[in-house]
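*Asks:* okay, sequence plus prediction incoming.
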Amino acid sequence: FPEPFNWDAYLKETSSIPASPSCFRQSRVPPSNDFKAGMKVEAHDPRNPTSMCIATVMGTMGMRLRLRLDGSDSTNDFWRLVDSSDIQPVGTCERGGDMLQPPLGFRMNASSWPMFLLRTLSGAEVAPALAFKKEPPRPLHNHFKPGMKLEAVDKKNPYLICPATIGDVRGQEIFVMFDGWRGAFDYWCEYDSRDIFPVGWCQLTNHPLQPPGNSFTLPKSLIPALCSSGSSRRSMQSSYRLPHPLPPLPVRKGVRGRRPKSQTI
Ligand code: MLZ
């Protein structure tokens, strides 16, 4: 088994401090996840947030749910916390006098939506009202400061939560930088985003935490010393992608000593 990521050692190594839990719009005592795969919920369409749709819980991780809008394809799954205000029990919409909408990119003709909805819900297992938890209140102010560590959803790979650092703060917004990924996944978001968590959140909620990447930005002054010839184009760059530890080379007839083309996580 891979070693679980050790925040204590990492904070020491990087001589950094974690953002206080009071900075985040997350509950101090995480609620339980009482959802099960297959259950139906009502959810705002992430691509059309004013419309309320029917979604199926595809799976659960920690206190997050992987959701798929019924009638949409499998390529637009999204994740929500059990205490997200984007989800509610089936029947809530109708009780409020509203109508459930087909998702953006509904697979069928719009005229078949009422029948599709009827079929989708008949005999379906709906998530019990008690599984939906109240969204915690937002902290009154943005208390984040550059350099503070946190755990954050990688919006390009939203099943992942990864160690991150506050890179900048502007008013209500913060810049989330993913440790060891050289900026490729960084983003601005509001300080009260539900996609950011205090250090230790994953461990507390039993969610996997992706360890930091292995790309670092080195100070320019160190670069000449690390380049043997100093003449390559690469030597002009200020950051380096260090290789992953590679497995021992497979020795096979014909392809002796060849490494896999690339390694992605
Ligand atoms: N292995 C994939 C995902 C990287 C996820 C980074 N998260 C901050 C890649 O290399 O693109």
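*Replies:* Looks like it arrived, so ask away.

*Asks:* residue boundaries of the strands in the stretch 151-265 of the chain?
*Replies:* Per DSSP state E, counting those that start in this stretch, the stretch 151-265 of the chain carries strands over the ranges 161-170, 173-178, 187-190, 196-197, 215-217, 239-241.

*Asks:* buried residues, the third one. List them.
*Replies:* Of the residues in strand 187-190, Tyr187, Cys189 count as buried by neighbour count, 16 or more other Cβ atoms under 10 Å. For the C-beta atoms, the positions are set from N, CA and C on the backbone; glycine is no exception.

*Asks:* so how far is it off the chain centroid?
*Replies:* 13 Å (Cα atoms, centre = their mean, to the nearest Å).

*Asks:* the ligand contacts on the stretch 101-250 of the chain?
*Replies:* Contacts of the stretch 101-250 of the chain with the ligand, taken as Cβ under 6 Å from any ligand atom, map to Asp154, Asn157, Leu160, Cys162, Phe178, Trp181, Phe185, Gln210.

*Asks:* any chance of the residues you listed in a markdown table, plus pLDDT and neighbour count?
*Replies:* Converted to a markdown table, those look like this (pLDDT from 0 to 100; neighbours: other Cβ atoms under 10 Å):
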| residue | pLDDT | neighbour count |
| --- | --- | --- |
| Asp154 | 98 | 20 |
| Asn157 | 97 | 12 |
| Leu160 | 98 | 18 |
| Cys162 | 98 | 23 |
| Phe178 | 98 | 24 |
| Trp181 | 95 | 19 |
| Phe185 | 97 | 18 |
| Gln210 | 96 | 20 |
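
*Asks:* check contacts around the nearest residue to Phe178 once chain neighbours are set aside.
*Replies:* Spatial nearest neighbour of Phe178, chain neighbours left out: Phe185 (4.5 Å); criterion: Cβ to Cβ, 6 or more residues apart in numbering. Applying Cβ atoms under 8 Å, 6 or more residues apart in numbering to Phe185 gives the contacts Asp154, Lys155, Lys156, Asn157, Cys162, Phe178.

*Asks:* cutoff 7 Å now
*Replies:* Contacts for Phe185 (Cβ atoms under 7 Å, 6 or more residues apart in numbering) come out as Asp154, Lys156, Phe178.

*Asks:* where do the helices sit along the protein?
*Replies:* Remark: helices assigned in the chain by DSSP state H are 7-13, 92-95, 113-121, 201-205, 223-226.

*Asks:* ranking the ones you listed by burial, who's on top?
*Replies:* Mean neighbour count (mean count of other Cβ atoms under 10 Å) peaks for helix 201-205 among these, with a mean of 19.

*Asks:* CA atoms only: put it into CSV for me.
*Replies:* Below are the C-alpha coordinates for helix 201-205, written out as CSV (Å, rounded to 0.1, in the frame of the first residue of the first chain):
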residue,chain,number,x,y,z
TRP,A,201,-10.2,17.1,6.1
CYS,A,202,-9.6,14.1,3.9
GLN,A,203,-8.3,12.0,6.7
LEU,A,204,-11.2,13.1,8.9
THR,A,205,-13.8,12.3,6.3
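
*Asks:* from the chain's centroid, how far away is it?
*Replies:* Distance of helix 201-205 from its chain centroid, counting by Cα atoms, centre = their mean, is 14 Å.

*Asks:* now do stretch 132-150
*Replies:* Here stretch 132-150 is found 16 Å from its chain centre; the criterion is Cα atoms, centre = their mean.

*Asks:* for the strands of the stretch 151-265 of the chain, which one sits closest to Asn6?
*Replies:* Within those, the stretch nearest Asn6 is strand 161-170; the backing value is 10.7 Å (Cβ to Cβ).
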